[in-house]
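Chemist: Sequence first, then the predicted structure, then my questions.
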Amino acid sequence: KNEVEQSPQNLTAQEGEFITINCSYSVGISALHWLQQHPGGGIVSLFMLSSGKKKHGRLIATINIQEKHSSLHITASHPRDSAVYICATGTYNTDKLIFGTGTRLQVFP
Amino acid sequence: DTAVSQTPKYLVTQMGNDKSIKCEQNLGHDTMYWYKQDSKKFLKIMFSYNNKELIINETVPNRFSPKSPDKAHLNLHINSLELGDSAVYFCASSLWTGSNGANVLTFGAGSRLTVL
């Protein structure tokens, strides 16, 4: 059974700081997803990756398959980045994703 | 021009009632999902449909019945509501690439159900 752990659970930062959120999982996966849930409740898919690194604007996601670990980085953080960030893993032969419990990020001006 | 729209956004009802949440997507996706997010914000899959065919039915009580009249719609009907059904229910859709855990999801805004 795959366990998905995120750290830290809560994170506060000053505007402009570099942010790292970590996600570890216990079994081999086909893909890892990073999602963002805004304070208003809406959920947005940020990245889906199975190897290496992806970048979109100030967001960077990396994955290390051997170490079963992924990180989400935010450069030059801004108060609008305040949200819950959720990682989820996918495995072969099922469309079911296993979700982490989320990391609540607050960025203060 | 909302991509995945759910209605209603809020639903407050008494225990024992029957209620429905509707979901529609205009993205041309062929797969739709229902997720439940509990009070601790933990997301869990309930159902998924690909081309109107049930793909995932995740240990959900029989009181929950999804219905997919076509690829663009997936409705959730809940009978005999219980206190524990209080949660936020998210509809999502994707373009099917297979049962491979790699389908990118587009979520609706969520429907907050409160059972009194």
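Modeler: On my side now, so go ahead. Residues are numbered from 1 along each chain as shown, chains lettered A, B, ... in the order given.

Chemist: ok, now which ones touch B:K22?
Modeler: When contacts are counted by Cβ atoms under 8 Å, 6 or more residues apart in numbering or on different chains, B:K22 touches B:Q6, B:T7, B:H73, B:N75. Heads up, the C-betas are built off the backbone N, CA and C, glycines and all.

Chemist: And the pLDDT at A:Q6?
Modeler: We have a pLDDT of 96 for A:Q6.

Chemist: How about it, nearest residue that isn't a chain neighbour?
Modeler: Nearest residue to A:Q6, sequence neighbours excluded (Cβ to Cβ, 6 or more residues apart in numbering or on different chains): A:G100, at 4.0 Å.

Chemist: which non-adjacent residue is nearest residue 50?
Modeler: No chain specified, so I'll use chain A. Leaving out its chain neighbours, the residue that sits closest to A:S50 by Cβ to Cβ, 6+ apart is A:A31, at 4.8 Å.

Chemist: That was the other one, I meant chain B.
Modeler: Per Cβ to Cβ, 6+ apart, closest to B:N50 is B:T31, 4.6 Å.

Chemist: What mean pLDDT does the helix or strand where A:L35 lies get?
Modeler: Following DSSP states H and E, one finds A:L35 within strand A:31-37. Mean pLDDT, strand A:31-37: 96.

Chemist: how distant is it from the center of its chain?
Modeler: Computed by Cα atoms, centre = their mean, to the nearest Å, the chain-centroid distance of strand A:31-37 equals 5 Å.
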